[in-house]
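**Student:** Sequence below, structure please.
(chains A and B)
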Amino acid sequence: MSGVRVLVGTKKGAFVLTSDGKRQGWEVNGPHFGGWELYHIKGSPADPNRLYASQSTGWFGQLIQRSNDGGKTWEPVGNKFVYEGEAGTHKWYDGTSRPFEFKRVWHLEPSLDDPDTVYAGIEDAAIFRTTDGGQNWQELPGLRQHQTAADWAPGAGGMCLHTIIQDPKNPKRLFSAISAAGAFRSDDAGETWQPINRGLHSEGIPDPDAPVGHCVHRIALHPSRPDVLYMQKHWDVMRTDDAGGSWREISGNLPTDFGFPIDVHAHEPETVYVVPIKSDSEHYPPDGKLRVYRSRSGGDEWEPLTRGLPQQDVYLNVLRDAMSVDSLDPCGIYFGTSGGQVYASADAGDSWTPIVRDLPAVLSVEVQTLP
Amino acid sequence: MIRVVLPTHLRRLAQVGGEVQLEVQGQATQQSVLDALEASYPMLRGTIRDQVSHQRRAFIRFFACEQDLSLDSPDAPLPDAVATGAEPLLVVGAMAGG
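**Tutor:** Numbering: from 1, shown residues only, chains lettered A, B, ... in the order given. As a prediction, the model looks like this:
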């Protein structure tokens, strides 16, 4: 019988949650790496037992852990991330220039077809790749060396490259997103990159329609239709139908269009999920109600999903990498909160139950659908 | 024989229980001790000092013989008591945050 494995990164360790295909009873395993921040954990699509985890603290820096047995055991692999050539500078919050400096790995994106190949999105923003299972990491420097990079500036959480998406139909095409530079696309396997921010409008920058400088929070696509991307921006939920050539706003009737995660139903490319957050200074849901919003029309028209979610006195956040979907039928949706809950829906969002309620603050949630 | 005491998280990472004992070639300095430590326990690379610049991480301190050696030159000789193994070199995670 098929099952699911939910990989949860928190501020104080990693947890592995497993269930069968019914997704009703859960086994909780962890903490792994207790006391460390786990920004992201993700499994290889080519080998579900191969997992990669980004482990860090302010004291001891960055580690990368690899598991070959689905998270039962782990081994540290390479953690040397050195910019290729001249590091260059970017803008700091005060407008001065500051050298690019490695701080941490935000996101690990295993290759679609090779368990030993993984992309890493780091702060200060750059993309790295390993082809030997994490032992050695090399930068794909074309992104950080883009002519606009000297003008990139950090978002409130740091200048992080937090989203990496591989086009399942075109192995040479990659998408990435940086807070607060914007979205980028490569059509040559990461060698060169172009900003894809036309149509984004951000009031917080001098030119609201500038080609770079937008605080993109997350991008998601459905594998059957990789030219259609959905974006949760700092403010605004956006959509492109031409792989980033132009974006249009699809916030529609959302109670607020600020938020962090966005994801797409595994079997319905026009069904999209977001978690509206009140504002950029009030990082909690509006009206004290935890509501996931679902659009079944590719945006513009949204419905609140509340059954099983607390509807009073909720003042927590859901971070950009803390939502994921499984590929069972019906599709399962999962998200984790800054309050330590991981909620699951086994019916595409119609109803929710907490898998766990009292973990450390959740940084990331990824789901694997197991055979 | 040089004795090194690691903070809890690094002991777990290196899978060592108590003190680490190291043979150090030549003069015992912060640099030579860390070189020997990282050679024996490669998973510690980058956790105490930067892998390229070898600069001590900001929240790591080196104590020995009731002295703070953190700001000493990495090439300065360690106290005789550390070099002879009478006293351990303490690698300490600075107290900060929760």
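
**Student:** what's the longest strand in chain A?
**Tutor:** strand A:47-57 (DSSP state E).

**Student:** in it, what counts as buried?
**Tutor:** A:49-57 (16 or more other Cβ atoms under 10 Å in any protein chain shown). All C-beta atoms are positioned from the backbone trio N, CA, C, and that covers glycine.

**Student:** Tell me the bridge partners for residue 61.
**Tutor:** Looking at chain A here, since you left the chain open. The residues paired with residue A:61 through beta bridges, assigned by DSSP bridges, are residue A:57.

**Student:** I was after chain B.
**Tutor:** residue B:92.

**Student:** Show the backbone phi and psi for residue 13.
**Tutor:** Since no chain was named, I'll use chain A. Here is the backbone geometry of residue A:13 (degrees, to the nearest 10): phi 140, psi 180.

**Student:** That was the other one, I meant chain B.
**Tutor:** phi -60, psi -40.

**Student:** what sits against it?
**Tutor:** Each residue near residue B:13 by Cβ atoms under 8 Å, 6 or more residues apart in numbering or on different chains is listed here: A:60, A:63, A:76, B:43-44, B:47.

**Student:** how does it look with 7 Å?
**Tutor:** Remark: with contacts taken as Cβ atoms under 7 Å, 6 or more residues apart in numbering or on different chains, residue B:13 is in contact with A:76, B:43-44, B:47.

**Student:** Can you lay out those as a markdown table showing secondary structure, distance to residue A:17 and pLDDT?
**Tutor:** As requested, the contacts of residue B:13 are arranged in a markdown table below (DSSP: H, G, I helix; E, B strand; the rest coil; distance: Cβ to Cβ, whole Å; pLDDT from 0 to 100):
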| residue | secondary structure | distance to residue A:17 | pLDDT |
| --- | --- | --- | --- |
| A:76 | strand | 23 | 98 |
| B:43 | helix | 27 | 97 |
| B:44 | helix | 30 | 98 |
| B:47 | coil | 28 | 98 |
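
**Student:** Out of those residues, which end up buried?
**Tutor:** Buried members of the contacts of residue B:13, scored by 16+ other Cβ under 10 Å, are A:76, B:43-44, B:47.

**Student:** quick one, helices of chain B?
**Tutor:** For chain B, the helices defined by DSSP state H cover B:8-14, B:30-40, B:80-83.

**Student:** so what does the longest strand of chain A touch, helix or strand wise?
**Tutor:** Using 3 or more Cβ pairs under 7 Å, 6 or more residues apart in numbering or on different chains; DSSP states H and E as the contact definition, the elements that strand A:47-57 packs against are strand A:37-44, strand A:61-67, strand A:104-110.

**Student:** Return the list of strands paired to the last one, each annotated with direction.
**Tutor:** When sheet partners are counted by DSSP bridges, strand A:104-110 sits next to strand A:118-123 (antiparallel).

**Student:** Just want the angle from the partner strand to strand A:37-44.
**Tutor:** The directions of strand A:118-123 and strand A:37-44 differ by 160 degrees, with axes from the mean of the first three to the mean of the last three Cα atoms, to 10 degrees as the criterion.

**Student:** pLDDT on strand A:118-123, on average?
**Tutor:** The average pLDDT within strand A:118-123 is 98.

**Student:** how about the CA coordinates for it, as PDB?
**Tutor:** The C-alpha trace of strand A:118-123 is given here as PDB (Å, rounded to 0.1, in the frame of the first residue of the first chain):
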ATOM      1  CA  VAL A 118      21.200  18.500  -6.000                       C
ATOM      2  CA  TYR A 119      20.800  22.200  -6.400                       C
ATOM      3  CA  ALA A 120      21.300  24.500  -3.300                       C
ATOM      4  CA  GLY A 121      19.900  28.000  -2.900                       C
ATOM      5  CA  ILE A 122      22.000  30.000  -0.500                       C
ATOM      6  CA  GLU A 123      22.200  33.300   1.400                       C
END
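
**Student:** For that strand, what is the distance to the chain centroid?
**Tutor:** Centre-to-centre, strand A:118-123 and its host chain are 11 Å apart (Cα atoms, centre = their mean, to the nearest Å).

**Student:** now stretch A:217-224
**Tutor:** That offset, for stretch A:217-224, works out to 10 Å (Cα atoms, centre = their mean).

**Student:** Can you show me the CA trace of that stretch as CSV?
**Tutor:** Output for stretch A:217-224, consisting of C-alpha atoms alone and laid out as CSV, is shown next (Å, rounded to 0.1, in the frame of the first residue of the first chain):
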residue,chain,number,x,y,z
HIS,A,217,8.4,34.8,-1.5
ARG,A,218,7.8,31.6,-3.4
ILE,A,219,7.0,30.2,-6.9
ALA,A,220,5.2,26.9,-7.7
LEU,A,221,4.2,25.0,-10.9
HIS,A,222,2.4,21.9,-11.9
PRO,A,223,4.7,19.5,-13.7
SER,A,224,2.2,18.9,-16.5
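
**Student:** which parts of it are buried?
**Tutor:** A:217-223.

**Student:** Cross those residues against strands and list the overlap.
**Tutor:** For these, secondary structure assignment (DSSP E) places A:217-221 in strands.

**Student:** Tell me which of the helices and strands packed on strand A:47-57 approaches residue A:370 most closely.
**Tutor:** Shortest separation from residue A:370 across the helices and strands packed on strand A:47-57 is recorded for strand A:37-44, at 9.5 Å, computed as Cβ to Cβ.

**Student:** Please say whether there is contact between that closest one and chain B.
**Tutor:** No: using Cβ under 7 Å from any Cβ of the partner chain, we find that strand A:37-44 stays clear of chain B, coming within 11.3 Å at best.

**Student:** Residues of chain A that sit close to chain B?
**Tutor:** Applying Cβ under 7 Å from any Cβ, one finds that chain A approaches chain B through A:35, A:58-62, A:76, A:79-80, A:82.

**Student:** count of residues packed around residue A:312?
**Tutor:** By other Cβ atoms under 10 Å in any protein chain shown, 8 other residues sit near residue A:312.

**Student:** ok, of the buried residues of strand A:47-57, which one's closest to chain B?
**Tutor:** Minimum distance to chain B across the buried residues of strand A:47-57 is 7.3 Å, recorded for residue A:57 (Cβ to the nearest Cβ).

**Student:** The closest one reaches residue A:38, doesn't it?
**Tutor:** No: taking Cβ atoms under 7 Å as the definition, residue A:57 is not a contact partner of residue A:38, at 10.3 Å.

**Student:** Give me the common contacts of the two.
**Tutor:** Taking Cβ under 7 Å, 6+ apart as the contact definition, residue A:57 and residue A:38 share no neighbouring residue.

**Student:** circling back: pick the one among the buried residues of strand A:47-57 closest to residue A:71.
**Tutor:** Of all those, the one sitting nearest residue A:71 is residue A:51; the distance, using Cβ to Cβ, is 5.4 Å.

**Student:** out of everything not next to it in sequence, what's closest to the closest one?
**Tutor:** Counting by Cβ to Cβ, 6 or more residues apart in numbering or on different chains, residue A:51 lies nearest to residue A:67, which is 4.2 Å off, once chain neighbours are set aside.

**Student:** try residue B:6
**Tutor:** Leaving aside its sequence neighbours, residue B:6 is closest to residue B:91 (5.3 Å, by Cβ to Cβ, 6+ apart).
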